[in-house]
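Q: I'll drop the sequence and a predicted model, then ask my questions.
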Amino acid sequence: MISPSRAVRTALCWMTVLPVGTDTDPDEAPDRALGGAVMAALPVVGIVVGAAAAALAAGLSFTALPAALTGILVVVLTAALTRGMHLDGLADTADGLGCYGPPERVAEVMRSGTVGPFGVATLVLTLGVQTAGFTGLVGESRWYEIAFAVALGRLGAVVGTRTSISPAHPNGFGALVAGTQRLSIPVWCLVAAAATVPIGLRDNGSGIDLDLAAVAQGLVVVLVIVVFAWVFTRHCARRMGGLNGDVLGATIELGVALAVVGLLV
């Protein structure tokens, strides 16, 4: 059995540029047991990246930079920390879904290594929504919600690797993680639901009050992300003959975009 500490370290190693060490033999190919453990620990990666994004935004609030520029820098930081791999997956997924061909044609388009018009348009629109959303949160000094939105996007990827979805190909990242998650999904959903409580905390000058409406809004956002991830990954699996790593990257980036919009509505 893979220990939680190893799962977290490997998840940070695979999903970020952070210099964390692992005890994985570099000459030994990873298996589905490790892939499943990494996906179960993926929200921890989201918490780390989200905390870094929130810290950057809070730190820049002490400068004269406009909120819009800070929002852009938050997006840049999250992309840099994750090597841009999720954005690459978003572009490839958009191109694959846009080709309107059978699964074989979709796989060919996604593996072409080039970004087509669907990919470019989707990247521009998604990054635009994220930037505008983070800008709105920065303008209201909602640092916790910045971290929350980034972390919540990773919950969508965990949902996407549920046991009812099989991998599209016998190799690649999808083959390692597709169909590996069961118990981790409700556990992380409960954690996400509990994490909405700080959203409603308000300082009234004489103490801390709990804004139940804000908490309820956060719970709705969690529900929307889970439902979106469930429907989106199921649709992609049907079109592609299974799940691959690009779809998970797309689910994360679209989930973050939905989260920031939901928090600002």
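A: Thanks, I have it.

Q: what residues does the host helix or strand of residue 59 touch?
A: Secondary structure from DSSP states H and E places residue 59 in helix 42-60. If you take Cβ atoms under 8 Å, 6 or more residues apart in numbering as the criterion, helix 42-60 is touched by 8, 11-12, 15-16, 18, 70-71, 73-74, 77-78, 81-82, 134, 137-138, 141, 143-144, 146-155, 157-158, 188, 191-192. Every residue, glycine included, has its C-beta placed from N, CA and C.

Q: now stretch 136-149
A: Against stretch 136-149 from outside (Cβ under 8 Å, 6+ apart): 47, 50-51, 53-55, 57-58, 60-61, 67, 70-71, 74, 133-134, 195-196, 198-199, 218, 256, 259-260, 263-264.

Q: nearest residue to residue 164 other than its sequence neighbours?
A: In space, and not counting its chain neighbours, residue 164 is closest to residue 179: 7.4 Å by Cβ to Cβ, 6 or more residues apart in numbering.

Q: count of neighbours near the one you found?
A: 18 (other Cβ atoms under 10 Å).

Q: separation between it and residue 232?
A: Computed as Cβ to Cβ, to the nearest Å, the residue 179 to residue 232 distance reads 17 Å.

Q: name the element the residue lying closest to residue 127 once chain neighbours are set aside belongs to?
A: Counting by Cβ to Cβ, 6+ apart, residue 75 is the residue found nearest to residue 127 once chain neighbours are left out, at 6.1 Å. Element membership for residue 75, per DSSP H and E: helix 67-81.

Q: how far does that helix sit from its chain's centre?
A: The chain centroid and the centroid of helix 67-81 are separated by 15 Å under Cα atoms, centre = their mean, to the nearest Å.
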